[in-house]
Each structure stands twice: as C-alpha cells, then as structure tokens.
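In: Sequence plus predicted model, see below.
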Amino acid sequence: MSKEQIQSLRIPFDAVLPHGAINEIANRTGLTPQTIAKVLRGEWSNPQVIREALKLIRQHRRRIENFLNQFQ
C-alpha cells in the first residue's frame with residue numbers, strides 16, 4: 001500500500017486500531033512507535049507495518065463480533 005493510498009483512506013488506520021496497537025506493532029516489528037505512527041499516517045512506507053496493522057484490526061473485529069454474538 002503506497003503512502004498516497006494510506007493518505008487517501010476514507011477511514012484512517014488510527015480510527016480503527018485498538019488501544020495499544022501502535023506499541024504492539026512496534027514490538028512485533030522492532031521499529032519505534034514514532035515510525036509506526038508515521039507509516040500509518042502515510043508519511044513513510046513500510047509494508048510490514050501495514051500487514052501487522054491489518055492483522056490487529058482483523059483480530060479486534062473478531063473480538064467485537066464474538067462479544068456482540070452473546071446478545072443474539
């Protein structure tokens with residue numbers, strides 16, 4: 001995903017990432033939280049960061065779906 005694509009997202013990464021995700025991605029990749037934030041804002045490009053962010057978003061979505069399923 002290019003920097004331009006990230007910058008043009010209608011819903012930015014920071015709107016959907018769970019709390020603590022930037023630090024988690026930093027731990028997984030060995031990069032600093034500041035670097036992760038710049039990638040997620042589209043200032044820099046790093047495919048590994050984007051992959052990790054999407055993994056966390058999918059995991060978060062599954063947790064929310066499982067929670068909501070309790071009420072059906």
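Out: Okay, I see it.
In: check contacts around residue 26.
Out: Neighbour list for residue 26: 32-33, 35-36 [criterion: CB atoms under 8 Å, 6 or more residues apart in numbering]. For the C-beta atoms, the positions are set from N, CA and C on the backbone; glycine is no exception.
In: okay if I get these as TSV plus secondary structure and neighbour count?
Out: Listed next are the contacts of residue 26 as TSV, based on DSSP: H, G, I helix; E, B strand; the rest coil; neighbours: other CB atoms under 10 Å:
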residue	secondary structure	neighbour count
32	coil	11
33	helix	13
35	helix	18
36	helix	26
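In: which residues in this protein form helices?
Out: 3-7, 13-16, 21-29, 33-40, 47-69 (DSSP state H).
In: Same list (those helices) but as TSV, adding mean pLDDT.
Out: Shown next, in TSV, are these (pLDDT from 0 to 100):
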stretch	mean pLDDT
helix 3-7	95
helix 13-16	94
helix 21-29	98
helix 33-40	98
helix 47-69	98
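In: And residue 35, how far from residue 43?
Out: Going from residue 35 to residue 43 by CB to CB, to the nearest Å gives 10 Å.
In: hang on, the earlier thing: dump the contacts of residue 26 into TSV; add distance to residue 7 as well.
Out: Formatted as TSV, these follow (distance: CB to CB, whole Å):
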residue	distance to residue 7
32	21
33	20
35	17
36	16
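In: for these, which one is nearest residue 67?
Out: Nearest to residue 67, judged by CB to CB, of these is residue 36 at 26.3 Å.
In: wait, that closest one sits on residue 22?
Out: Yes: Residue 36 is in contact with residue 22 according to CB atoms under 8 Å; the separation is 4.9 Å.
In: Once you drop chain neighbours, what's closest to the residue nearest to the spatial centre of the chain?
Out: Centroid check for the chain by CA atoms, centre = their mean gives residue 53 as the closest residue, at 2.9 Å. Ranked by CB to CB, 6 or more residues apart in numbering and with sequence neighbours excluded, the top spatial neighbour of residue 53 is residue 13, at 5.7 Å.
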